[in-house]
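Visitor: structure, please.
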Amino acid sequence: MEATISQSKRKMWVVINYFALVLLIASFYTADRVGLTAVTISAGIFAILAIIVSFIQAYARTGLWRFVHTKAEKLDEREMMMTYESLRRSYGLFAVVCLVVFLFAELITKEFSGGYRLALMPVIAALIYLAHILPASVIAWTEKEIYRA
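Guide: Below is the predicted model:
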């Protein structure tokens, strides 16, 4: 097996992935409010490309995506503990993020938007993606070395 990218580069790609996800959501909502402009379209396309590139670098190239989606019977004891710990941390965080997002959406609708109804589908799609990458992100962030098979 060969060693994959360093921990600092993995962290960088994870941050880029999350930043691009936020940018994509922001471009959807900006386009919804001001219309499809060159800026909103460019931001959306840039965000999608950044998500794809950073996903490949942080999760596909390192094998983390496949690792966290592997059946338990195919993992050794150390790998099972690593995935268990990443799942425990990530889904605890995920629950808080979901609640904050829905609370924020409700506050925006009632208090600040003047009756503008906030469409939650882009956020829900982002949360589904987030649920899948969070366990791999925890491993990418915490493990010193990850080896590619």
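Visitor: and the strands in the protein?
Guide: Using DSSP state E, the strands found in the chain span residues 2-3, 147-148.
Visitor: lowest mean pLDDT across these, which one is that?
Guide: Mean pLDDT per stretch puts strand 2-3 lowest among the strands of the chain, at a mean of 46.
Visitor: measure residue 136 to residue 143 for me?
Guide: Residue 136 sits at a distance of 11 Å from residue 143 (criterion: CB to CB, to the nearest Å). Where you see a C-beta, it was placed from the backbone N, CA and C, and this is true even at glycine.
Visitor: what about the nearest residue to residue 119 once chain neighbours are set aside, how many neighbours?
Guide: With CB to CB, 6 or more residues apart in numbering as the criterion, residue 119 has its nearest non-adjacent residue at 6.8 Å, and that residue is residue 32. Applying other CB atoms under 10 Å, we find 14 residues neighbouring residue 32.
Visitor: again, but for residue 39
Guide: Residue 39 has 12 nearby residues by other CB under 10 Å.
Visitor: swap in the one 4 residues further on?
Guide: Other residues within reach of residue 43 by the criterion other CB under 10 Å amount to 18.
Visitor: so it sits against residue 30, correct?
Guide: Yes - contact status for residue 43 versus residue 30: in contact at 7.4 Å, counting by CB atoms under 8 Å.
Visitor: what residues are up against the residue positioned nearest the centre of the chain?
Guide: Centroid-nearest residue in the chain, with CA atoms, centre = their mean: residue 130, separated by 3.9 Å. Contact partners of residue 130, counting by CB atoms under 8 Å, 6 or more residues apart in numbering, are 21, 94, 97.
Visitor: average model confidence for the longest helix anywhere in the chain?
Guide: Criterion DSSP state H: the longest helix present in the chain is helix 77-107. Mean pLDDT, helix 77-107: 90.
Visitor: for it, packing partners?
Guide: Applying 3 or more CB pairs under 8 Å, 6 or more residues apart in numbering; DSSP states H and E, one finds that helix 77-107 contacts helix 64-68, helix 121-142.
Visitor: neighbours of residue 81, how many?
Guide: 11.
Visitor: ok, residue 139 next?
Guide: 22.
Visitor: can you check residue 125 too?
Guide: Applying other CB under 10 Å, we find 14 residues neighbouring residue 125.
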